[in-house]
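J.: Sequence plus the predicted model coming up.
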Amino acid sequence: MTEENDRKAGRRGLRDGEGTAPGGAEADVEAVLRASRALLGVVASSVADALETVTLPQFRVLVVLASSGSTAIGALAARLGAVASTFSRFIDRMEDGGFVERAPSPDSRREILVRITPKGTDIVYGATQQRRESIARILRRLGREERASIVAGLETFSAAAGEPSPETLLTLGL
């Protein structure tokens, strides 16, 4: 296939003969896609309980606050790609639910900070803990050599892919 045909078919980079799997380059890509779907399934399962309590946009706010700490409401809206004028009402609902609280900024009387509450922290921690437990359960099904091979392969893949931007991860509430 030509490079143009590869692009049209959604295949980029590897060409036949460059793959390691018996089916060549395309088989390598398919194997990684299957693994990514399995990991995405773990992620989806880990947030399912949280999404019974909060919406995905609310969960995204909680993830940001859990990792960043108190954040000015305008900066939080910008980080999440929200319209500042409507974001305040969104935070009102989260505050009413007990997931976040507002506080005046110690640096500026005009600035309002939003911080996660223990209830909000529990939601994020629960999802993260469930994800860790699911991954651990999967890894326990494997032998020591298989685990070592998978961990090494994932480390190599992670290094080659690079760290995704926080904005990319926030799309899924990670």
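T.: Sure, I can see it.

J.: quick one: the strands in the protein?
T.: Listed in chain order, the strands of the chain (DSSP state E) span 71-72, 100-104, 112-116.

J.: Give me the contact list for the first one.
T.: Put plainly, it is strand 71-72. For strand 71-72, contacts defined as C-beta atoms under 8 Å, 6 or more residues apart in numbering pick out 64-65, 79, 105, 111-115. The way it works is simple: take the backbone N, C-alpha and C, and place the C-beta from them, glycine included.

J.: Same list, the residues you listed, but as CSV with pLDDT please.
T.: Below are the contacts of strand 71-72 laid out as CSV (pLDDT from 0 to 100):
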residue, pLDDT
Val64, 91
Leu65, 95
Arg79, 87
Ser105, 87
Glu111, 87
Ile112, 89
Leu113, 94
Val114, 96
Arg115, 96
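
J.: Buried members of those residues into PyMOL, please.
T.: Here is the PyMOL command that selects only those of the contacts of strand 71-72 that count as buried (16 or more other C-beta atoms under 10 Å):
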select buried, resi 64+65+79+113+114+115
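
J.: need the contacts of strand 71-72 in TSV with distance to Arg141, can you?
T.: TSV is the format used below for those (distance: C-beta to C-beta, whole Å):
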residue	distance to Arg141
Val64	34
Leu65	35
Arg79	38
Ser105	49
Glu111	50
Ile112	48
Leu113	45
Val114	41
Arg115	40
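
J.: count of neighbours near Gly81?
T.: The local packing of Gly81 (other C-beta atoms under 10 Å) involves 10 other residues.

J.: again, but for the one 3 residues further on
T.: Taking other C-beta under 10 Å as the criterion, the count of residues near Ala84 is 12.

J.: now the residue lying closest to it once chain neighbours are set aside: how far from Ser88?
T.: The shortest distance from Ala84 to any non-neighbouring residue, by C-beta to C-beta, 6 or more residues apart in numbering, is to Ala77 (4.5 Å). Separation of Ala77 from Ser88 (C-beta to C-beta, to the nearest Å): 8 Å.

J.: Ser134 contacts Ser45, doesn't it?
T.: Yes - counting by C-beta atoms under 8 Å, Ser134 touches Ser45, with 6.3 Å between them.
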